[in-house]
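this one's structure only:
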Ligand code: BDR
Ligand code: CA
């Protein structure tokens, strides 16, 4: 099966992405690396260990990464993901697994060098760890199989500023480095598609596994309300799970190749992903942008896998 590393800042949707990856049984998850983002590095690491324990996947190593963005300060998202990042779910679960020794960027480099051409990186957080890995080992570009990034938005508005998506906004310098690195395959799963992958209470009610249903209900409860305030619909956008979904089944999305870059020097637009639709800059495409998603197929897969 496909070798992957997940890079996460475990909030509500990262956790659901991890569950999808683990429970699919179709991915060889070498390890999960953590980073500061929705919550602190320490909290993201605890949450990742918790969700692996919940999923019965204690054998997967969790490796800590950057405690802040390359050049900027942290920007947590407690309003969306709750104080603890999991919307209060699993708060009473005694945790008996610990993160592994070592550091995320070294870990990414080591694994990719160990399996050249085989590793897919699924990034669902600010891109600090991957940027740090690239700085240490630029040949990563040649040796990695593929990079799937949940982040950005090219045809619509942002979710943290008017123009920027959260993962891009938090560490735009890291994102720029990753976009400009020259990966042969870099897939962008942005808000253009993830905003259409909405988990509603109706979906949650369909889960047959009672423990899973309870977890999903609890972890998404506040998120649904918060999403309603902004978007007028009670739902949890499955941003990060969709990136995992693309790793599992390419056919759930439609992709188009474009040149994409990230703004890093604007008071108003930092973190904006700028997509050169008409090739005005005359650059080679560097990103495969997801432009459409088969929402029903993805949601059906997501629920089927979580219920397995
Ligand atoms: C992204 O930002 C985070 O809050 C989510 O976990 C997701 O990775 C969506 O913009
Ligand atoms: Ca995330």
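Cool, got the structure. Only a predicted model underlies this, so the values are computations on that prediction, with no experimental measurement involved. Ligands and ions are numbered 1, 2, ... in the order given.

show me what contacts the residue in the chain positioned nearest to ligand 1?
Of all residues in the chain, residue 166 sits closest to ligand 1, with a separation of 3.5 Å (CB to the nearest ligand atom). For the C-beta atoms, the positions are set from N, CA and C on the backbone; glycine is no exception. Under the criterion of CB atoms under 8 Å, 6 or more residues apart in numbering, the contact list for residue 166 reads 37, 38, 77, 151, 159, 160.

Now do the SS call for residue 215.
Applying DSSP: H, G, I helix; E, B strand; the rest coil to residue 215 yields a three-state assignment of helix.

Give the burial count for it, as a bare number.
A count of nearby residues for residue 215, using other CB atoms under 10 Å, gives 23.

and what of residue 97?
Number of residues near residue 97 (other CB under 10 Å) recorded here: 17.

quick one: it is in a helix?
No - when three-state DSSP is applied, residue 97 is found to be coil, with no helix at that position.

correct me, but it touches residue 58?
Yes - with the criterion set as CB atoms under 8 Å, residue 97 and residue 58 qualify as a contacting pair; they are 5.0 Å apart.

which residues do the two both contact?
In the contact map built from CB under 8 Å, 6+ apart, the residues linked to both residue 97 and residue 58 are residue 52.

do you know how far the residue of the chain closest to ligand 1 is from residue 271?
Residue 166 sits 8 Å away from residue 271, going by CB to CB, to the nearest Å.

which neighbours do those two share?
When CB under 8 Å, 6+ apart defines a contact, the residues bordering residue 166 and residue 271 alike are residue 160.

Who are the contact partners of the closest residue to residue 41 other than its chain neighbours?
If the residues on either side of it in the chain are set aside, residue 41 comes closest to residue 67, at 4.3 Å by CB to CB, 6 or more residues apart in numbering. By CB under 8 Å, 6+ apart, the contact list for residue 67 reads 36, 40, 41, 74.

One more: residue 288?
185, 186, 187, 188, 255, 256, 257.

Check which strands are paired with the one helix or strand the fifth one maps to and give the direction for each one.
When secondary structure is defined using DSSP states H and E, the element that contains residue 255 is strand 253-258. For strand 253-258, the paired strands and their directions (DSSP bridges) are strand 287-293 (antiparallel).

Report whether the strand it pairs with contacts ligand 1.
No - taking CB under 6 Å from any ligand atom as the criterion, strand 287-293 and ligand 1 are apart, separated by no less than 13.6 Å.

list the buried ones in that strand?
Of the residues in strand 287-293, those buried under the neighbour-count criterion (16 or more other CB atoms under 10 Å) are 287, 288, 289, 290, 291, 293.

got the residues of the stretch 151-300 of the chain near ligand 1?
Looking at ligand 1, the residues of the stretch 151-300 of the chain close enough under CB under 6 Å from any ligand atom are 159, 165, 166, 167, 239, 240.

could you redo the last one with a cut-off of 5 Å?
The stretch 151-300 of the chain comes close to ligand 1 at residues 165, 166, 239, 240, as judged by CB under 5 Å from any ligand atom.

Break down this structure into its helices, ranges please.
Taking DSSP state H as the criterion, the chain carries its helices at 12-24, 41-54, 78-81, 104-114, 128-136, 140-143, 166-170, 172-180, 191-194, 201-206, 210-231, 239-248, 295-307.

what does the average pLDDT come to for the fourth one?
Yep, that's helix 104-114 we're talking about. With pLDDT averaged residue by residue, helix 104-114 scores 98.

Mind giving me the packing neighbours of the lowest-mean-pLDDT helix or strand in the chain?
Ranked by mean pLDDT, DSSP states H and E, the helix or strand of the chain with the weakest confidence is helix 78-81, at a mean of 89. Of the remaining helices and strands, those touching helix 78-81 by 3 or more CB pairs under 8 Å, 6 or more residues apart in numbering; DSSP states H and E are helix 210-231.

And the average pLDDT for the helix it packs on is what?
Confidence over helix 210-231, taken as the mean pLDDT, stands at 96.

Could you do stretch 47-54 as well?
Taken as a whole, stretch 47-54 carries a mean pLDDT of 98.

count of neighbours near residue 144?
Around residue 144 sit 29 other residues, with neighbours defined as other CB under 10 Å.

any idea how far residue 291 is from it?
Taken as CB to CB, the span from residue 144 to residue 291 is 24 Å.
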